[in-house]
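> need a structure here:
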Amino acid sequence: MSVTLLFRRLRLTPIQLRAYTDQPKALRSLKPKSSRNNVQFYVDSCRVRTVAGKGGDGCISFLSAWCKEHAGPDGGDGGHGGHIIFQATHSKKSLNHCKSVIAAKDGERGFNKDCHGKNAQHVVIEVPLGTIIRDVYGRVVGDLQDEGAMFVAARGGAGGRGNKFFLTDTEQAPDVAEYGAIGETVQYSLEVRSMAHVGLIGFPNAGKSTLLRAVTRARPTVAPYPFTTLRPHIGMIPYDDYEQVAIADLPGLIPGSHKNKGLGIQFLRHIERCKGLVFLLDGTNDPVQQYEALNYELSQYNVTLNQRQRCVAINKIDLPEVREILPEFSKKMNVVGISAKTGLNLNELLVIIRNMYDNV
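Model (predicted):
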């Protein structure tokens, strides 16, 4: 098939054709989608309780050698407990590996013959670049922006000293030792500052999950009932110039979300972490009213969201009634009509998404 015939079948205008030929083209991934039953979802915020290790107790012991019955104290010190450390790395993109309770091991107790206990290993949790760490009062206590940056979330307890430490000129047989110190227990809230380059927003059952399945290898749940997506899903769109654009399928929005209705504030927080927005409107249910409602919810939550790059896409143009209203809606604003189910005009949408990514 010739390139011109291909563009005609895509129904591109000459201006769109010229822009399309100059832009990098999205590639269809040759890898099959995963067949695992447990679908992975994106976690951009979580609460964790960090429990550092306890220090080992000191030992009370007195050496009794064959040539010297009272050789003096020889109790060793206990080992230190392990720290809990968060470390930023580019290899992590989500917080779905973080457990609700992260605990380190305790230090080993001291032994006789001046043998010190072993220090516990520190627990290092890798987190994505740009992770913000807040305490229980909501204050920012850590901002991990650079590769390898660390934040000590909970310090392990120091090991107790054995009775050998308390030996003095006046006290030749100390029978006292220290207990190991208790490790810190602190609760934090972790947030990933940047979730995806582009976020799909719209009302429930607008076709966001179907669109993400069509353009990426992600596998969000698709079903004919609302709120099938309760947590974000991330997919990557590869282009022929080796760039990859991350696109997020966000949970559905309903009127009153800024008042915490539906998924509420949690949903709007996901939007804040996207650099560009794609408004996906259901063509069978008054797209104008949907767009106005979405704009209102964004402005009520955060006025700066109206300044983000955006694109308006009307889904389900494979239906005759949607194709009829598309020209009328196009007179009011620049829109692109697509069909996430059949793949109609998805190439045009991918070009627009790439332009949004380049202009960030």
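
> wait, is Arg323 part of a helix?
Yes - assessed by DSSP: H, G, I helix; E, B strand; the rest coil, Arg323 belongs to a helix.

> burial measure for it, as a count.
15 (other Cβ atoms under 10 Å). Every C-beta, even on glycine, is put in place using the N, C-alpha and C of the backbone.

> next up, the contacts around it.
317, 337 (Cβ atoms under 8 Å, 6 or more residues apart in numbering).

> and the pLDDT for it?
Looking at Arg323, its pLDDT reads 85.

> from Ser330, how far off is it?
12 Å (Cβ to Cβ, to the nearest Å).

> how about Gly107?
69 Å.

> quick one, which of the two is more surrounded?
Gly107 (30 against 14).

> ok, that one touching Gly159?
Yes - with contact defined as Cβ atoms under 8 Å, Gly107 reaches Gly159; the gap is 5.0 Å.

> so what sits against both of these two?
Residues touching both Gly107 and Gly159 (Cβ under 8 Å, 6+ apart): 55-56, 78-81, 117, 119, 180.

> most neighbours out of these, which is it?
Gly78 (33 neighbours).

> correct me, but that one touches Gly107?
Yes - if you go by Cβ under 8 Å, Gly78 and Gly107 touch, sitting 5.5 Å apart.

> please enumerate the strands of the stretch 151-300 of the chain.
185-192, 196-201, 233-238, 244-249, 274-282 (DSSP state E, counting those that start in this stretch).

> residue contacts, Tyr291?
279, 281, 312, 333.

> one step back: shared neighbours, Gly78 and Gly107?
Joint contacts of Gly78 and Gly107 (Cβ under 8 Å, 6+ apart) are 55-56, 117, 159, 180.

> still on that earlier bit, got a winner among the contacts of Tyr291 for most neighbours?
Using other Cβ under 10 Å as the neighbour test, the contacts of Tyr291 are led by Leu281, with 25 neighbours.

> and it, what is it in contact with?
202-203, 206, 287, 290-291, 312-315.

> pLDDT and distance to Arg219 for the residues you listed - can I get that in TSV?
Compiled in TSV, these are given as follows (pLDDT from 0 to 100; distance: Cβ to Cβ, whole Å):
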residue	pLDDT	distance to Arg219
Gly202	85	19
Phe203	85	22
Ala206	82	18
Pro287	85	27
Gln290	86	26
Tyr291	87	28
Val312	89	26
Ala313	90	21
Ile314	90	25
Asn315	89	19
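
> so where's the longest helix in the protein?
Using DSSP state H to assign secondary structure, the helix with the most residues in the chain is helix 287-301.

> buried residues in that one?
287, 290-291, 293-294, 297-298, 301 (16 or more other Cβ atoms under 10 Å).

> next structured bit after it?
For helix 287-301, the following helix or strand on the C-terminal side (DSSP states H and E) is strand 309-315.

> so what touches that following strand?
For strand 309-315, using Cβ under 8 Å, 6+ apart, the contacting residues are 206-207, 211, 275-283, 287, 291, 322, 326, 329, 333-340, 349, 352-353, 356, 359-360.

> okay, the angle between it and strand 274-282?
Angle, strand 309-315 to strand 274-282, by axes from the mean of the first three to the mean of the last three Cα atoms, to 10 degrees: 20 degrees.

> list the buried residues for strand 309-315?
Buried residues in strand 309-315 (16+ other Cβ under 10 Å): 309-315.
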